[in-house]
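> Okay, structure incoming, though there's no sequence with it:
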C-alpha cells in the first residue's frame, strides 16, 4: 500500500506542501508581469496533477530498492523517471495554457510562458527527485519497522521453542515410558539398563544445550534425533526400524535447533506406536547448493482418519521456519492411506 | 497346597511393549497366589483371552495400537476386573471414572502393585460388575462422538465404521447394527447407541429404529396413514409420528 495515499493526514500534509510550491512558482510568474489571478488559474491545476504524478515515484523506489540495486542503477532510473515525469508535466502545462488562451483571456501569454517553461521543467525534475527521496526514506522506515517486528516475533517463538524443549524433557509420556523401560531392564539386562540411563541423560543434556542456540550444524540435530530414536528403539524393539539417507554435504548446514527432532518424535508416537507390527521411519536429507531438503516418512494406521491431529510439534516447526526464512521456507505434509510424509526445504547457510 | 483363605488370582497382562510386560511379569511371578494365564501384545488378543481363558483380572495398558485400553474395557469390562497401567495421569483419572479397580502409573513399585491386587481381590469378592452404560461411554472422552462402533462376537471383535452402518434396531437387551449386509448384536440400549452416534447423521425414526440419513431414499405413507422409510437398498422401516416430526425437521 502506498505510504502517503494510505493515510489521510499524510496526504493532506503532502498536498499542503504542494500548495506552497504552487505559490512560489506563482511569485516567479508574477515577476513576468502576469497577474496573480491568471498565474494561479494556470498553476494550481497543473501542480495538483503533478503532485499525484510524483506519488508514482513510490513504484520507482519499490522497483529499484537501495539495498539490492547498484548506485548507478538507482541514479539512472531516478533521473530517467524524473525527466519523463517532468516532460509529461510540461506537455500538460502547454496544453492547459493553450486551452486557457483559446477559451478565456486568463493565464499567461505564449511569450510569457516560453520564457517560463525551462524553469518549470527544471522545477519538475527537482520536485520529482525530492518526492523520490521522501519515498525512499519512507520505504527504509517501513522496512526497519517490519524487520523489528519480525525480530520480536522470532524472539517470542524461539523463547517458546525453548520452553517446549524444556517441557519435552519432562514430557510424561516420553520420560515415564523410558523410565519404565529402565525399570524392566534392571533385573533382566542390567548393562542395557545402564546404557538406557546414559542415552536418556545424553538426550536431555543435548536438548537443553541445543535449544539455547540460534543456529546449529545439522549434524548436531541429527545426532540428537539418533539419541531419541535409540531410546525409542529400546521401548519398541523390533517394531521400530529407521532408514536414513543423509547427504554428507548437508551436515554442515546451519539450521534452527529442534526442527527435525519434533518431526521424528511425531513419526514414532503417531506412526510406529499406533501399529501392531510397527514399521520403517524414513529420513532423507539432501542438499542442492544452497537449499536443504528434508523428508520424514512414517507408516500410519489405515483405520485412523486422514485428518488425525499431528500435535503442536508440527505447527511450531512450521511457524518457526516461516518466521525465520519467510517465503524461502517450505513445509508440506502428505497423508496417504498407509504413510504420512513431511517435507521441508529451507536455505542452507554454512560457516564457510 | 492351595491357600483356602485367599483363592488364587488368575491374571492376564496386556501391553504392546515387551519391556512393560516384563516388569509386570517379574513382579507378579514373585507373588505366590497369582497365576499369569496369558500375556497379550494388543487389545484384540486381550478380548480373545478374556473369552477363552476367563481370567479374573486384566492389567491393561491404555495407549495401544488399533484397540486401546478403554475400548478393550468397553468390550470385556463386564467379564473381568481391570487395573489400568499407564504413563498418563489424565488417563488414570478417567480410569477411576469408569469403574476400573485401580490404576498403576508407569513406572511403579512392587508395593504399589500389591495394593492394586488387594483392591482387585476386594472388588472380586463383592462380585460387583460395572454397568454396561458406563463401559460404552468409557471408550470416548466425555462429550465426544464415537468414530466407530466396536462389537464383540465371542472372542472376535468387529470394528464397524460409522458411515457403513445403515440403521440400528432395538432387540430386547441388545441393539443390532445393520452394516454391509450383516447384523451385529451389542449389549446396550437404543438410547445409548443414539447418544454414541452423531445426531446430525442418525435419526430416531421409531421407538426401535435409529436410521442413518444417508441411507434414506424416500418416505411412503400407506392407506392407513402408516409411514415407512424406504432405504436405498429397498428395505422398509416403520416411522412413528414423533419419528416423522424429527425426520422432517432434519430434512427441511
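Arrived safely, thanks for sending. This is a predicted model, so every value here is computed, not measured.
> Double-check that residue B:146 belongs to a helix.
No - counting by DSSP: H, G, I helix; E, B strand; the rest coil, residue B:146 is not part of a helix but coil.
> And the closest residue to it other than its chain neighbours, how far from chain A?
With sequence-adjacent residues excluded and distances taken as Cβ to Cβ, 6 or more residues apart in numbering or on different chains, residue B:146 is closest to residue B:196, at 4.8 Å. Yep, even glycine has a C-beta here, placed from its N, CA and C like the rest. Separation of residue B:196 from chain A (Cβ to the nearest Cβ, to the nearest Å): 17 Å.
> Thought residue B:148 was touching residue B:196, still the case?
No - contact between residue B:196 and residue B:148 fails when scored by Cβ atoms under 8 Å: they sit 10.3 Å apart.
> okay, those two: which has more neighbours?
Counted by other Cβ atoms under 10 Å in any protein chain shown, residue B:196 and residue B:148 do not tie: residue B:196 has more neighbours, with 19 against 16.
> Do you know the pLDDT at the more buried one?
As predicted, residue B:196 sits at a pLDDT of 84.
> about what we covered before: ramachandran angles for the residue nearest to residue B:146?
phi -80, psi -30 (degrees, to the nearest 10).
> Also the one 5 residues further on?
Geometry field for residue B:201 lists phi and psi as phi -110, psi -40, criterion degrees, to the nearest 10.
> Same check on the one 4 residues further on?
With angles defined as degrees, to the nearest 10, residue B:205 sits at phi -90, psi -10.
> which residues does it contact?
By Cβ atoms under 8 Å, 6 or more residues apart in numbering or on different chains, the contact set of residue B:205 is B:211, B:229, B:237-240, B:243-244, B:246-247.
> How about the residues of chain B by chain A?
B:16-20, B:22-23, B:26, B:41-42, B:63, B:65-66, B:87-89, B:105-107, B:147-148, B:159 (Cβ under 8 Å from any Cβ of the partner chain).
> just the helices in the stretch 1-150 of chain B please.
Taking DSSP state H, counting those that start in this stretch as the test, the helices found in the stretch 1-150 of chain B are B:18-29, B:43-53, B:69-76, B:89-97, B:110-126, B:132-138.
> Redo those as TSV? Include mean neighbour count and mean pLDDT.
As requested, the helices of the stretch 1-150 of chain B are exported to TSV (neighbours: other Cβ atoms under 10 Å in any protein chain shown; pLDDT from 0 to 100):
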stretch	mean neighbour count	mean pLDDT
helix B:18-29	20	95
helix B:43-53	21	94
helix B:69-76	26	88
helix B:89-97	15	74
helix B:110-126	15	92
helix B:132-138	19	65
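> In JSON lines: the ones you listed, plus distance to residue A:132.
Output for the helices of the stretch 1-150 of chain B, formatted as JSON lines (distance: least, Cβ to Cβ, whole Å):
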{"stretch": "helix B:18-29", "distance to residue A:132": "72"}
{"stretch": "helix B:43-53", "distance to residue A:132": "73"}
{"stretch": "helix B:69-76", "distance to residue A:132": "69"}
{"stretch": "helix B:89-97", "distance to residue A:132": "63"}
{"stretch": "helix B:110-126", "distance to residue A:132": "78"}
{"stretch": "helix B:132-138", "distance to residue A:132": "71"}
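> and of these, who's closest to residue A:102?
Smallest distance to residue A:102 across the helices of the stretch 1-150 of chain B (Cβ to Cβ): 88.3 Å, for helix B:89-97.
> Can you name every helix or strand that the closest one contacts?
For helix B:89-97, the elements it packs on are strand B:81-86, strand B:102-105, judged by 3 or more Cβ pairs under 8 Å, 6 or more residues apart in numbering or on different chains; DSSP states H and E.
> now that helix and helix B:69-76, what's the angle there?
Here the directions of helix B:89-97 and helix B:69-76 differ by 20 degrees (axes from the mean of the first three to the mean of the last three Cα atoms, to 10 degrees).
> Counting neighbours, what do you get for residue A:275?
Using other Cβ under 10 Å, residue A:275 has 19 neighbouring residues.
> Tell me how far it lies from residue B:64.
11 Å (Cβ to Cβ, to the nearest Å).
> Next secondary structure after the helix or strand harbouring residue A:123?
Assigned by DSSP states H and E, residue A:123 belongs to helix A:110-169. Next along the chain after helix A:110-169, taking DSSP H and E as the criterion, comes helix A:172-188.
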